[in-house]
Each structure stands twice: as C-alpha cells, then as structure tokens.
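Got a predicted structure plus its sequence, pasted below:
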Amino acid sequence: MNAGEASGLLITFEGPEGSGKTTLIEGITRRLVAAGEEPLLIREPGGTDIGERIREILLDPASEDMKPETELLLMVASRAQLVREKLRPALEAGMIVLCDRFADASVAYQGFGRGLGEKAVKELNAFALDGITPDLTLLCMLPPEVGQARLEGRSTDRLDREAMEFHQRVYEGYRTMADGGEMRFKVIDAAAEPAQMLEEAIDQLKKLEHGLLNYL
Ligand code: TMP
C-alpha cells in the first residue's frame with residue numbers, strides 16, 4: 001500500500017478474459033494458507049455487499065443499454081466502497097490481500113476498450129483509491145482470441161460478450177501498462193500451464209522481499 005503506511009500487502013491480478021487469473025489466485029492462496037497465512041481474497045467489481053449488487057447490474061446481459069460513462073462510474077463506485085469498507089482496514093491490520101482485478105481493469109476496459117481514455121479513468125480511480133496502490137500487479141497476458149476460445153461453453157456476462165475488437169483494445173491497454181515501466185507490473189505468460197504460471201507468480205512474490213512473505 002502507500003509508502004509510509006502500515007504493513008499489509010496488496011497484490012492484484014489482471015488480464016484479459018480466460019487468462020487463468022482465478023486458478024492462479026487459488027494456487028497462491030493454497031501456498032499462503034499452507035504457510036499459516038490467512039490472505040483476504042476479494043474481487044472487482046464487487047467484494048462488498050454493495051459492490052456485489054453493483055456487479056450484478058454491470059455484468060447482467062440485460063444491461064445492454066448501459067453507456068460507457070455509466071459503466072465506468074459504477075466500476076469506480078464499487079471500488080470506492082471496497083477500499084473504504086475492506087481494503088484499507090485489511091492493509092492497516094497487516095494482512096496480505098489478493099484482489100481479482102482492480103483499478104487497472106478500468107484503465108484497460110473502460111479507458112482503452114470503451115475509448116474513454118486513460119486520463120479520465122485515472123482521475124476517477126484516484127478519487128476512489130484514496131492513495132492506495134498495489135504493491136504488485138500480476139498481468140496474466142494472453143492474446144484475446146485464445147482467451148475468448150477458452151471461454152466457449154462457459155456462461156458469459158455482458159462484457160465477455162463484447163466483440164473481438166473490444167477485447168483486442170483491452171489487451172492493448174494491458175500491454176501498454178506492461179511496457180510503461182511502472183515497476184509494480186509483472187507479466188505472467190498465461191499461455192503456459194497453470195503450474196508454471198503459479199511458479200512464475202511465486203517468484204515475483206519472493207522478489208517483493210516483504211517480511212510477510214519470508215517463508216515462500
Ligand atoms: P471477471 O470476474 O470475470 O473478471 O468479470 C469482471 C468483468 O468486469 C470483466 O469482464 C472485466 C470487467 N471489468 C471492467 O470492465 N472494469 C473494471 O474496472 C473491472 C474491475 C472489471
């Protein structure tokens with residue numbers, strides 16, 4: 001979290017649809033629990049009662065008339081609630097928090113995918129985040145056509161159903177972050193087997209050299 005504040009650790013997981021993030025989070029959680037940790041697992045949009053209600057509106061295929069601006073504001077609203085209700089208290093209590101998507105998803109999906117632009121999204125994110133920044137963001141990178149093929153046959157939500165051009169722009173958004181030089185972003189090859197993805201991710205966690213992870 002913010003430099004100078006308490007001692008927790010925020011690790012976020014990002015990537016296109018079908019990139020195996022959820023399996024990766026499960027694997028990391030097992031490793032942490034085996035070592036006696038009790039990580040907090042949260043997801044976005046959602047993660048609080050209010051956020052989960054917002055998530056339903058966002059992902060419901062019946063919300064097909066939703067405007068990009070509305071979509072962004074609802075994502076950010078869910079985030080503002082999560083930060084204040086759960087995330088900041090957990091980090092201040094020194095916990096390890098694993099978050100399945102976070103503020104960068106709004107940059108990729110609404111900024112690049114919907115074309116609202118990085119600047120507008122980052123300004124709104126700043127309002128929601130109240131100074132909190134992930135310590136590590138694992139970008140599970142997979143070409144969108146591969147991700148979409150993996151989703152076939154699985155129930156898909158309103159955003160999954162978007163056209164391939166939309167998913168291509170989202171991917172470009174994540175690539176821009178990966179190439180942007182910000183140290184917290186680390187790319188995981190999501191075309192690899194789940195076991196290899198897990199080892200790559202654990203290597204990145206070890207590099208954080210955070211006291212909470214000494215046993216890894
Ligand atoms: P997921 O739980 O399958 O990742 O679904 C969440 C969907 O919401 C996914 O399509 C990505 C999208 N999303 C955004 O468009 N913007 C955001 O800020 C977040 C957190 C998610």
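Looks like it arrived, so ask away.

okay, now the closest residue in space to Pro194 that isn't next to it in sequence: neighbour count?
Of all residues beyond its chain neighbours, the one nearest Pro194 is Thr23 (5.2 Å), with distances taken as C-beta to C-beta, 6 or more residues apart in numbering. C-betas here are computed from N, CA, C, even on glycine. For Thr23, the count of nearby residues is 14 (other C-beta atoms under 10 Å).

Could you report the pLDDT at Thr23?
Each residue has a pLDDT score; the one for Thr23 is 95.

Repeat that for Thr156.
We note a pLDDT of 79 for Thr156 in this prediction.

Where does it sit: helix, strand or coil?
coil (DSSP: H, G, I helix; E, B strand; the rest coil).

Equivalent analysis for Leu138, please.
Secondary structure assignment for Leu138 (three-state DSSP): strand.

ok so Ile11 is a strand residue?
Yes - Ile11 forms part of a strand when assessed by three-state DSSP.

Please list all residues in contact with the residue nearest to it when sequence neighbours are not counted.
On the basis of C-beta to C-beta, 6+ apart, the spatially nearest residue to Ile11 that is not a chain neighbour turns out to be Leu136, at 4.8 Å. With contacts taken as C-beta atoms under 8 Å, 6 or more residues apart in numbering, Leu136 has the following neighbours: Leu9, Leu10, Ile11, Thr12, Arg184, Lys186, Gln204, Leu205, Leu208.

separation between the residue most central in space within the chain and Asn125?
Most central residue of the chain, judged by C-alpha distance to the mean C-alpha position with C-alpha atoms, centre = their mean, is Arg101 at 1.6 Å. When C-beta to C-beta, to the nearest Å is the yardstick, Arg101 and Asn125 sit 13 Å from each other.

same question, Val170
The gap separating Val170 from Asn125 is 16 Å, by C-beta to C-beta.

So between the two, which is more surrounded?
Shown here are Val170 and Asn125; by other C-beta under 10 Å, Val170 has more neighbours (26 against 21).

SS state for that one?
Local secondary structure at Val170 is given as helix here, using three-state DSSP.

my guess is it contacts Phe112, does it?
Yes - here Val170 lies in contact with Phe112, judged by C-beta atoms under 8 Å, at a distance of 6.0 Å.

Run through this structure and note the low-pLDDT ranges.
Under the criterion pLDDT under 70, the flagged ranges of the chain are 1-6, 155.

do that again at 50, thanks
By pLDDT under 50, the low-scoring segments of the chain are 2-4.

can you give me the helices in it?
Counting by DSSP state H, one finds helices in the chain at the ranges 21-34, 49-59, 68-82, 88-92, 103-105, 118-129, 144-151, 164-179, 194-207.

Make TSV from those helices and add distance to the ligand to it.
Compiled in TSV, the helices of the chain are given as follows (distance: least, C-beta to the nearest ligand atom, whole Å):
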stretch	distance to the ligand
helix 21-34	7
helix 49-59	6
helix 68-82	4
helix 88-92	18
helix 103-105	3
helix 118-129	8
helix 144-151	9
helix 164-179	8
helix 194-207	16
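
Out of these, which one sits most buried?
The densest packing among the helices of the chain, expressed as mean neighbour count by mean count of other C-beta atoms under 10 Å, is seen in helix 103-105 with a mean of 25.
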